[in-house]
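In: can't give you the sequence, but here's the structure:
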């Protein structure tokens, strides 16, 4: 098994910033990106040595990650990276839809031209990442687009609220990103959403955002075929169309 110390080093931390928040961000990023895989043991002593920190900020970070269902902490036992459960993925999708569909309508309602430069820069960076086939960078820019939509809505802090609730969903999205290889398609979808927001068309912005987010079922299809061992189903294994249909019946 790969050793944790290959992932972390002291220079990843800024000594003037709160350690707990930084350790949380480092571990969460490693889990979301699958650099720390489901079931992998998180050795506290090893992580503390590599980051040169005490156990207090690490344990506080672990508790926060446990509340997001990203790690499993068992008394008198090892701490593991949590498995990816289908029910948690769909729960994250529900939270994402509920928050972002409302946000994108508000973004269209309150859009300010001063933000056009931020979107233009973001699209340019995405195009550059596409050319270089940098999937990790492109994923980060994908997240930045959705965060910017929240900023347009006038409630930028909402991003932090629902970002913490979609960790399981993000692991699925991040895992599938390089396999799907649909960077150009994502850029086109984001541009369509942005144009609706800039034109203050709330209905169109919401419709295009929903179509964009519904791609999660294509993502699940790919992963069930190629990485099915990483996804745990808490019920007898349903077919993907059944999962999609049941999900839509509940939330539409």
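Out: Looks like it came in fine. This one's a predicted model, so the numbers in the text were calculated from it and none came from an experiment.
In: For residue 154, give me its contacts.
Out: Taking C-beta atoms under 8 Å, 6 or more residues apart in numbering as the criterion, residue 154 is in contact with 106, 110. Every residue, glycine included, has its C-beta placed from N, CA and C.
In: hey, where'd the strands end up in the protein?
Out: All strands of the chain, identified by DSSP state E, fall at 41-42, 71-72, 79-81, 84-85, 231-232.
In: Please produce CSV containing the ones you listed, extended by distance to residue 201.
Out: Shown next, in CSV, are the strands of the chain (distance: least, C-beta to C-beta, whole Å):
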stretch, distance to residue 201
strand 41-42, 46
strand 71-72, 42
strand 79-81, 42
strand 84-85, 36
strand 231-232, 37
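In: Let me have the ones you listed in a markdown table, extended by mean pLDDT, mean neighbour count and distance to residue 21.
Out: Shown next, in a markdown table, are those (pLDDT from 0 to 100; neighbours: other C-beta atoms under 10 Å; distance: least, C-beta to C-beta, whole Å):
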| stretch | mean pLDDT | mean neighbour count | distance to residue 21 |
| --- | --- | --- | --- |
| strand 41-42 | 94 | 17 | 18 |
| strand 71-72 | 96 | 20 | 16 |
| strand 79-81 | 94 | 19 | 19 |
| strand 84-85 | 89 | 20 | 24 |
| strand 231-232 | 73 | 17 | 29 |
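In: closest one to residue 119 among the ones you listed?
Out: Evaluated over the strands of the chain, closeness to residue 119 peaks at strand 84-85, with 31.9 Å, by C-beta to C-beta.
In: Tell me which residues are up against the closest one.
Out: Contacts of strand 84-85 (C-beta under 8 Å, 6+ apart): 38, 69, 168, 171-172, 230-234.
In: Could you identify the most distant pair in these?
Out: 171 and 234 (16.3 Å).
In: all helices in this protein, in order from the N-terminus.
Out: 19-32, 44-51, 55-67, 86-110, 116-132, 135-153, 158-163, 167-180, 183-198, 202-213, 216-226, 240-251 (DSSP state H).
In: related to what we said a few turns ago, including distance to residue 93, could the contacts of strand 84-85 go into a markdown table?
Out: Compiled in a markdown table, the contacts of strand 84-85 are given as follows (distance: C-beta to C-beta, whole Å):
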| residue | distance to residue 93 |
| --- | --- |
| 38 | 18 |
| 69 | 14 |
| 168 | 9 |
| 171 | 12 |
| 172 | 9 |
| 230 | 17 |
| 231 | 14 |
| 232 | 16 |
| 233 | 15 |
| 234 | 16 |
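In: Give the PyMOL command for selecting the buried subset of the residues you listed.
Out: Buried residues among the contacts of strand 84-85 (16 or more other C-beta atoms under 10 Å), as a PyMOL selection:
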select buried, resi 38+69+168+171+172+230+231
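In: ok, of the contacts of strand 84-85, which one's closest to residue 130?
Out: Distance to residue 130, by C-beta to C-beta, is smallest for residue 172 among the contacts of strand 84-85, at 21.3 Å.
In: Report the contact partners of the closest one.
Out: Going by C-beta under 8 Å, 6+ apart, residue 172 touches 84, 89, 216, 219-220, 223, 231.
In: Now rank those residues by neighbours and give me the top one.
Out: For these, the largest neighbour count, defined by other C-beta atoms under 10 Å, is 25 neighbours, found at residue 89.
In: Show me the domain layout of the chain.
Out: Annotated domains of the chain cover 4-81, 84-251 [automatic domain parsing].
In: Lowest average confidence across the ones you listed, which one?
Out: Mean pLDDT values for the domains of the chain show the minimum at domain 84-251, a mean of 85.
In: centre of the chain versus it, how much separation?
Out: Centre-to-centre, domain 84-251 and its host chain are 8 Å apart (C-alpha atoms, centre = their mean, to the nearest Å).
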